[in-house]
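Peer 1: dropping a prediction and its sequence here:
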Amino acid sequence: MIVRILAASLASLAFAAPALAKPPVTAFTPIAEIHDMQISPDGKRVAWVQDTADGEAVVERNLETGKIRSIIRAADRRIDGLRYLTDNFLHLVAFKPVYDATDKDAYNIGTAHIFDFARETSYRFDAYGRILAVNADGKTVYMLGRGGVVGIQMETGNVASAGMARGWEDDFIVSPAGKLVAAQDINRETGNNRIFAASGLDRRVLFQEEPKPAEVHLLGVLSDGGAIVVQDRRDGAHVARTLTLADGVMSEPLFNGAEIVKPVRDRTGAIVGFEMAGVYPRYEFFDAALATDVRSIRASFPGQAVTLVNWSDDKSRLLVSVEGGIEPGRYAVFDRTARKLTAVMQTRPSVPKEDMGEVISIEYPARDGRKIAAVITWPARLPADQRKSLPLVVLPHDHAQDASSSVGFDWIAQFIANEGYAVLQPNYRGSAGSTDLRTAGYEEFGRRMQHDITDGVHALAEMGWVDPDRVCIAGEGWGGYLALVGAAITPHRYRCAAAINGITDLPDFLKKRSEGDQRYNDYLGRWKNMLGDPERNLDNLERYSPVNLARQIAAPVLLIHADNNWYSPDRQSRKMELALETAEKPVDYILIPRENHYLIRQESRERVLNELAKLFAANLTPRPPQPKPAD
């Protein structure tokens, strides 16, 4: 068995740090104490969101003088969407957690704000807060509002309909010149998906697909204004193509068909490149010189994930964030003229490097020869020469086909590493990363998808890194599904299993996705690709649903579920609890009140981590070797 280490172990290049008391659970629960940093268009200031004892605050620092000032405080709200519109105006969205038992989808209510630095005041307005474009003259910002496209005059805060949208349209593209150039209409009842060239209220069809779930979506406009960019999800791909506005000619996939994560935009909203899929962030740009400099910045942080955040208008200063290896997170500015990289601020000052579980990437072969990329987090404060026969927690990621495990700061993995366990996060087939990897997982749930995870445990055991008799498995959402199926079909492998907001009944899960009259819901369509259509694949869906495998599970199971979870309703865990109790299997079920799928409240995350700690402590103690059947 050959395991390929893709990133050098930084800890092995330094003296081992002395053993220190592990940080409290609260150190791992926030998104980050300092987050959403942005650099100003002139490159002289940075602004960020900071957690304080009184709630979140927006803070700004002058990079030349070092002066720091607080701009906005939000005692009962979370702040997101920070962005300099110009040097004089800053955009943000404030979310207030709301729980309404009559509306399970109403959890976050957001209002957009524009802060005027000159007047030291902010304008609040009722819009979704999603920025479509900033006018090149710096006077108007265009957003997707409740009635279509709205224009906000930054000097006055006046909001007016841009007179561009039709009420039935789903999405729009506005150019930096303030002109509507494209619109999209997705009819989820009929399956029609149309993309239009647009001018005012005039429409001309550029692209159409029917009748099936929409797989081509608007992304933005190129800086020259002659073409728009779309994301093409047909045939399992996640690629970008251009679509000319003059004649609707669609290009071949950009960048040789590599999978995109998201577009990279300049301050006006024009697309200048893309973040590409991978265990480490990487980028492709239309500007070759910018692409070269971003690659050089990445090379300055071997074994770490470098994310390009934004840059000054003249591109002389680039703001990046760095995580992974033994780095809990920091921001830095690269001066392209001086060729100098300057650290700005740590994102998680409560987690010193000495308390980081080192994060590396590896590759191992699955039983059929496919190479599986994975992320390992080593136990914190453990010298490299002692990484042998370790207890292991397998942590498969959520959101099959739309997500993957990558090097960075994972709050659950880092907490587990601080409890003394190694963590394996495999990119099993069906994960995002490439068309081949994603489509290789189609209808392989419970089979090859699960084998990829099991084979990862085998690979680490053969390397001598982990003790195969001390392994647990846990996951959120789809990762929770994989944890429960793993405990059922390889019951000798895992000493415990935990599912957080887990999916346990596949037919019921798909039924929830298809509720209402949206027969051609594109999200449902992607899940049918992964799991199969219930009309022809019901037997498999039932066969590999954890609720029907409860009798095969031998290990104790922990089920945790949020009560306000639209994505995976709490009945999924309640059904599993009943199945396990009926089969007389050990199970604990914990319902987290006033919470959604993503566990955004700190007290919810603390509860989850504390319950996981108890489960692993009770089950990952050494035991005598036992004969094991073949997987």
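Peer 2: Done, it's in.
Peer 1: list the buried residues for stretch 598-615?
Peer 2: 598-601, 604-609, 611-613, 615 (16 or more other Cβ atoms under 10 Å). Glycine gets a C-beta too; all of them are placed from N, C-alpha and C.
Peer 1: make that stretch 371-378, sorry
Peer 2: Ile372, Ala373, Ala374, Val375, Ile376, Thr377, Trp378.
Peer 1: identify the farthest-apart pair in those residues.
Peer 2: Ile372 and Trp378 (18.8 Å; Cβ to Cβ).
Peer 1: just to revisit the earlier point, ok, of the buried residues of stretch 371-378, which one's closest to Gly200?
Peer 2: Checking those against Gly200 by Cβ to Cβ gives Ala373 as the nearest, at 47.9 Å.
Peer 1: what's the longest helix in this structure?
Peer 2: The helix that spans the most residues within the chain, counting by DSSP state H, is helix 602-619.
Peer 1: show me what that one is packed against.
Peer 2: The criterion is 3 or more Cβ pairs under 8 Å, 6 or more residues apart in numbering; DSSP states H and E, and the helices and strands that helix 602-619 contacts are helix 411-418, strand 466-476, strand 496-500, strand 557-562, strand 587-592.
Peer 1: so what touches the last one?
Peer 2: Outside of strand 587-592, the residues within contact range by Cβ atoms under 8 Å, 6 or more residues apart in numbering are 556-563, 570, 573-574, 576-577, 580-581, 599, 604, 607-608, 611.
Peer 1: report the rounded mean pLDDT for stretch 117-136.
Peer 2: For stretch 117-136, mean pLDDT is 83.
Peer 1: can you get me the start-to-end distance on that stretch?
Peer 2: Criterion Cα to Cα, to the nearest Å; first-to-last residue distance in stretch 117-136 is 19 Å.
Peer 1: give me the nearest residue to Asn135, chain neighbours excluded.
Peer 2: Gly178 (4.6 Å; Cβ to Cβ, 6 or more residues apart in numbering).
Peer 1: any idea of the pLDDT on that neighbour?
Peer 2: We have a pLDDT of 88 for Gly178.
Peer 1: ok, how many other residues are close to it?
Peer 2: For Gly178, the neighbour count with other Cβ atoms under 10 Å is 19.
Peer 1: can you check the one 3 residues further on too?
Peer 2: For Val181, the number of neighbouring residues by other Cβ under 10 Å comes to 22.
Peer 1: so it sits in a helix?
Peer 2: No. Using DSSP: H, G, I helix; E, B strand; the rest coil, the assignment for Val181 is strand, not a helix.
Peer 1: these two touch, right, it and Leu243?
Peer 2: No. Val181 is beyond contact range of Leu243, at 10.8 Å (criterion: Cβ atoms under 8 Å).
Peer 1: what is in contact with these two at once?
Peer 2: Taking Cβ under 8 Å, 6+ apart as the criterion, Val181 and Leu243 both touch Ile228.
Peer 1: one step back: let me have the buried residues of stretch 598-615 in a markdown table, extended by distance to Gln552 and pLDDT.
Peer 2: Below are these laid out as a markdown table (distance: Cβ to Cβ, whole Å; pLDDT from 0 to 100):
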| residue | distance to Gln552 | pLDDT |
| --- | --- | --- |
| Tyr598 | 30 | 88 |
| Leu599 | 29 | 90 |
| Ile600 | 34 | 82 |
| Arg601 | 35 | 85 |
| Ser604 | 31 | 94 |
| Arg605 | 31 | 95 |
| Glu606 | 33 | 96 |
| Arg607 | 29 | 96 |
| Val608 | 26 | 97 |
| Leu609 | 28 | 97 |
| Glu611 | 24 | 98 |
| Leu612 | 23 | 98 |
| Ala613 | 27 | 97 |
| Leu615 | 20 | 98 |
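Peer 1: ok, which stretches of the stretch 1-150 of the chain are strands?
Peer 2: Under the criterion DSSP state E, counting those that start in this stretch, the stretch 1-150 of the chain contains strands at 4-5, 34-39, 45-52, 55-62, 68-74, 78-84, 89-97, 108-116, 121-125, 127-134, 140-145, 148-153.
Peer 1: mean pLDDT lowest for which of those?
Peer 2: Least confident of the strands of the stretch 1-150 of the chain, judged by mean pLDDT, is strand 4-5 with a mean of 50.
Peer 1: distance check, the residue nearest to Asn135 against Leu132.
Peer 2: According to Cβ to Cβ, to the nearest Å, Gly178 stands 10 Å off from Leu132.
Peer 1: between the two, which contacts overlap?
Peer 2: Tyr142.
Peer 1: dump the residue contacts of Phe409.
Peer 2: Taking Cβ under 8 Å, 6+ apart as the criterion, Phe409 is in contact with Ala32, Glu323, Gly324, Pro328, Gly329, Arg348, Val359.
Peer 1: who's in contact with the one residue sitting closest to the centre of the chain?
Peer 2: Central residue of the chain (Cα atoms, centre = their mean): Ala403, 6.7 Å from the mean position. Contact partners of Ala403, counting by Cβ under 8 Å, 6+ apart, are His397, Ser431, Ala432.
Peer 1: what does Lys388 give?
Peer 2: Contact partners of Lys388, counting by Cβ under 8 Å, 6+ apart, are Gly464, Trp465.
Peer 1: make it 10 Å
Peer 2: By Cβ atoms under 10 Å, 6 or more residues apart in numbering, Lys388 lies in contact with Met463, Gly464, Trp465, Val466, Asp467.
Peer 1: how many neighbouring residues does the closest residue to Glu284 other than its chain neighbours have?
Peer 2: Distances taken as Cβ to Cβ, 6+ apart place Phe255 nearest to Glu284, at 4.6 Å, with adjacent residues excluded. Phe255 has 16 neighbours, counted by other Cβ under 10 Å.
Peer 1: try Phe28
Peer 2: Each residue near Phe28 was counted by other Cβ under 10 Å, and the total is 25.
Peer 1: thinking it is in contact with Thr377, fair?
Peer 2: No. Phe28 lies out of contact with Thr377 (Cβ atoms under 10 Å); the separation is 12.0 Å.
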